[in-house]
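Trainee: Predicted model follows, preceded by the sequence.
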Amino acid sequence: VDADGPATLQATLPTEAILTALAESGVAAEASDSAGRYVCNAVLYTALRALEGSGARVGFVHLPPGLPEPNEVVKTVVRAVVAAGRNPEA
């Protein structure tokens with residue numbers, strides 16, 4: 001993505017807190033160390049570089065295609081991320 005930048009960057013979201021909140025909401029989820037390829041990877045890498053040093057939390061959430069109720073899953077994911085962000089230990 002950036003020839004002058006590091007090969008990898010780590011997301012800064014409170015992953016474990018988000019996974020716990022999702023599990024408590026009944027949403028199966030797992031952590032990954034890859035944002036995927038192409039656009040997903042470029043979006044995450046660019047956001048991490050742009051916000052580097054700002055204290056902002058940056059991450060990427062993949063939702064699988066073909067969800068039975070995608071709008072409800074998205075709402076649940078958003079609630080989990082917000083809840084995890086309110087956790088002082090996250």
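Mentor: Received the coordinates, thanks. Numbers count the residues shown, from 1 in each chain.

Trainee: Could you tell me how many residues sit around the closest residue to Pro70 other than its chain neighbours?
Mentor: Counting by Cβ to Cβ, 6 or more residues apart in numbering, Pro70 lies nearest to Leu63, which is 7.0 Å off, once chain neighbours are set aside. The C-beta positions use only the backbone N, C-alpha and C, and glycine is treated the same way. Neighbouring residues of Leu63 were enumerated by other Cβ atoms under 10 Å; the total is 12.

Trainee: same thing with Leu9?
Mentor: So Leu9, with other Cβ under 10 Å, has 18 neighbours.

Trainee: Ok, Val58 next?
Mentor: Val58: 19 neighbours (other Cβ under 10 Å).

Trainee: Report the contact partners of the nearest residue to Leu67 once chain neighbours are set aside.
Mentor: Computed as Cβ to Cβ, 6+ apart, the closest residue to Leu67 that is not its neighbour in sequence is Val73, at 5.0 Å. Residues near Val73 by Cβ atoms under 8 Å, 6 or more residues apart in numbering: 27, 63, 67.

Trainee: The residue nearest to Pro70 contacts Val74, doesn't it?
Mentor: Yes. Counting by Cβ atoms under 8 Å, Leu63 touches Val74, with 6.8 Å between them.

Trainee: which phi and psi does Arg79 have?
Mentor: Dihedral angles of Arg79 (phi, psi; degrees, to the nearest 10) stand at phi -60, psi -40.

Trainee: Quick check: it vs Ile18, distance?
Mentor: For Arg79, the distance to Ile18 equals 10 Å [Cβ to Cβ, to the nearest Å].

Trainee: Next: Phe60.
Mentor: Phe60 sits 12 Å away from Ile18, going by Cβ to Cβ.
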